[in-house]
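**Student:** structure for the following, please:
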Amino acid sequence: MKPQKYKLKNGEDRWQFQIFIGRNPITGKQIKKTRMGFKSPIEATIAYAKMLEERQNGAYTLESLAVERVTIETLYHQWHEEYAQSVEASTLSKTESYYNNHILPDIGARKVREITSGELQSLLNKWATQAKSGVVWGQYLKQLFSYAQLHEIIFKNPFDVVTRPKQVNTSRERKQENFLNSEQLTRFLNYWETKTVPQYAYFRLLAYTGLRRGEILALTWDDFDFDRKLLTVNKSVGLDYRNKTTNMYLKQTKTGASNRVISIDNKTLEIMNAYHLIAPKSMSNVVWPGKHTYMDFNVPERWIQKMRKELPDSDNDLKYVTLHGLRHTHATLLFEQAARHGKSAPIKAVQKRLGHADVAMTLQIYTHATNRENDIVNDILNDGFD
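**Tutor:** The predicted model follows:
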């Protein structure tokens, strides 16, 4: 179809054209390309002539047209087949959740080749204000565009000029940092000391070793060397959310650096030894056994929720710490306590104890702890030496 005139809703004239490419070999239906929005007939005619020449030179094959029509959702399913073979089930479940609940509803129907850098930047900025993991959604979408470029679905990656936005903290996050100082940790553990032995032992070990929540659930009594005061960390419990069910399974630790042997302080060792004497015996020898071998992830979360309801208003500063916050607490207090005793906690030693693959993660906590020490000194100076 040669260029023809049509009208916009505001009454302005525009020109459009359509060219025949061929027929679908399966359905027999005609395949056409349409171009619209030209402001003059000569502009439309020049573009029309150019496309006819391109068609003559074989530019518009059925394969190239199929690539042009690829949507984000179609690309995701293609990428997913390869991605699923390279990650743990728990990581795959999390990725699927991000795509199905957030990424695809927002952009899944869009054609990959039509998406611009500006559109992506606006989308990432919006996600950063919606949820704590909003910035992470953008990183997963970026992986998809890298895959598209690798497979020549796009030749220029719009993400190359997109800036990662800063995470916008929620009101709760602004009010309360997710870790405890030494005085708060003492009050926190004093609360749990009045509860059951398994609960007290769980939170004491978590706070004084900095284990990840999956690592502590995977512990067996064989991992403890009570004579040498050592704990071996070489496995973790993962969660698989697929098929509308939640399954727990044993897996390797997060990274190679996560396999480690760490020391245990005397009091924590004493508490764990006491718990060992009364702990329920199981074939698996798991320290905190559950209905399906391992204690469910939600059990400690429910303990925390119950604590929040029971604590008086005077302990309100304890109510926002999470299980991961206790890991952060452990690392922060290692640096702070060393500084108070005129020592310097070796960053590499702390990195190894926490199982960080990248020292940058440890340095981030070190900087945070140092800033807190500076704030304390500032307060002393502001109060004066009188």
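**Student:** the bottom helix or strand of this protein by mean pLDDT?
**Tutor:** The weakest-scoring helix or strand in the chain, judged by mean pLDDT, DSSP states H and E, is helix 171-175 (a mean of 45).
**Student:** separation between residue 281 and residue 155?
**Tutor:** For residue 281, the distance to residue 155 equals 63 Å [CB to CB, to the nearest Å]. Quick note: C-beta positions are derived from backbone N, CA and C, even for glycine.
**Student:** no wait, residue 15
**Tutor:** Remark: distance between residue 15 and residue 155 (CB to CB) = 29 Å.
**Student:** quick one, which of these two is more surrounded?
**Tutor:** Higher neighbour count among residue 15 and residue 155: residue 15, with 22 against 8, using other CB atoms under 10 Å.
**Student:** and the more buried one, what does it touch?
**Tutor:** Residue 15 is in contact with 3, 4, 5, 6, 38, 39, 40, 41, 43, 44, counting by CB atoms under 8 Å, 6 or more residues apart in numbering.
**Student:** helix, strand or coil for the last one?
**Tutor:** In this case it means residue 44. Here residue 44 is recorded as helix under DSSP: H, G, I helix; E, B strand; the rest coil.
**Student:** return the distance of the spatially most central residue of the chain relative to residue 127.
**Tutor:** For the chain, the residue nearest the mean C-alpha position is residue 136 (5.5 Å; CA atoms, centre = their mean). Per CB to CB, residue 136 is found 9 Å from residue 127.
**Student:** got a markdown table for the contacts of residue 15, with secondary structure too?
**Tutor:** Shown next, in a markdown table, are these (three-state DSSP):
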| residue | secondary structure |
| --- | --- |
| 3 | coil |
| 4 | strand |
| 5 | strand |
| 6 | strand |
| 38 | strand |
| 39 | coil |
| 40 | coil |
| 41 | helix |
| 43 | helix |
| 44 | helix |
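**Student:** of all those residues, which comes closest to residue 302?
**Tutor:** Nearest to residue 302 among these: residue 6, at 62.8 Å, using CB to CB.
**Student:** and that closest one, how many residues sit next to it?
**Tutor:** Neighbour number of residue 6 under other CB under 10 Å is 10.
**Student:** same thing with the one 5 residues further on?
**Tutor:** Here the neighbour count serves as a burial measure; for residue 11 (other CB under 10 Å) it reads 6.
**Student:** so it: helix, strand or coil?
**Tutor:** coil.
**Student:** what is the mean pLDDT for the helix or strand hosting residue 306?
**Tutor:** Under the criterion of DSSP states H and E, residue 306 resides in helix 298-310. For helix 298-310, the mean per-residue pLDDT is 90.
**Student:** what packs against that helix?
**Tutor:** The criterion is 3 or more CB pairs under 8 Å, 6 or more residues apart in numbering; DSSP states H and E, and the helices and strands that helix 298-310 contacts are helix 197-209, helix 323-340.
**Student:** which strands or helices does the first one pack on?
**Tutor:** Contact partners of helix 197-209 among helices and strands, from 3+ CB pairs under 8 Å, 6+ apart: helix 182-193, helix 213-218, helix 266-278, helix 298-310, helix 323-340.
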